[in-house]
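# give me a model of this one.
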Amino acid sequence: MKTIICERPDSLYMTETEAPAFVPGEALVRIRRIGICGTDMHAYRGNQPFFEYPRILGHELSGVVEQVGDNANGLKAGDQVAIIPYLACGSCIACRGGKTNCCMSMQVLGVHRDGGMRELISVPTTHLIRTEGLTLDQSAVVEPLAIGAHAVRRSELKRGEF
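Prediction:
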């Protein structure tokens, strides 16, 4: 499959890599849209902390489920999805307390783990959001919009305040 790799700062190249194998509990998603954000630009420019090269960038992602097994979310092949790129360990004190956003071993697709600048990616089914009714472009920006919405909610901003 076609894959774009950030080999080192200021160096991207496209190559052929093997498609990921199907893993129970995960879905194979055919990537259809990729947002490019500041994190990707910093990684490309060599200014991204905690970053190791080479890396497949891309964490603002949408696509179509290509293969999936039984899952609690009822996902099936052909479903359009947005991908939640934050992978928590599930076992640290923060995860056990339900605060997976504070995971002590957080892994982010495209930063700590290879991301979506490739044709197919394997993602836990728990990290897929069915986005029927949205375009693929809209689905790819669900993640950054969720961050903005969370920030506004935490600010407790009231109507008329600015």
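# hey, let's count contacts and neighbours off CA atoms from now on
Fine.
# distance of the spatially closest residue to residue 69 that is not a sequence neighbour from residue 116?
For residue 69, ignoring the flanking residues on the chain, the nearest one in space by CA to CA, 6 or more residues apart in numbering is residue 24 at 6.4 Å. Using CA to CA, to the nearest Å, residue 24 is found at 19 Å from residue 116.
# more crowded one of these two?
More crowded of residue 24 and residue 116, by other CA atoms under 10 Å: residue 116, with 30 against 12.
# tell me which helix or strand that one sits in.
Following DSSP states H and E, one finds residue 116 outside all helices and strands.
# what sits against it?
Taking CA atoms under 8 Å, 6 or more residues apart in numbering, we find residue 116 in contact with 31, 34, 56-59, 61, 109-110.
# let's see it at 7 Å
Residues counted as contacts of residue 116 (CA atoms under 7 Å, 6 or more residues apart in numbering) are 31, 56-59, 61, 110.
# show the pLDDT at it.
Reported pLDDT at residue 116 in the predicted model: 97.
# so what's the backbone phi/psi at it?
The phi/psi pair for residue 116 (degrees, to the nearest 10) reads phi -100, psi 10.
# separation between it and residue 142?
Between residue 116 and residue 142 the computed distance is 15 Å (CA to CA).
# and for residue 37?
For residue 37 relative to residue 142 (CA to CA), the value is 13 Å.
# which of the two has more neighbours?
Higher neighbour count among residue 37 and residue 142: residue 142, with 21 against 12, using other CA under 10 Å.
# can you list the buried residues in the longest helix belonging to the chain?
Longest helix in the chain by number of residues (criterion: DSSP state H): helix 142-155. For helix 142-155, a neighbour-count test (16 or more other CA atoms under 10 Å) marks 142-143 as buried.
# same deal with stretch 48-56?
In stretch 48-56, counting by 16+ other CA under 10 Å, buried: 48, 55-56.
# one more: stretch 62-72?
62-69.
# run through who's touching it.
24-34, 76-83, 125, 136, 139-140.
# let me see the mean pLDDT of that stretch.
Averaged over stretch 62-72, pLDDT sits at 96.
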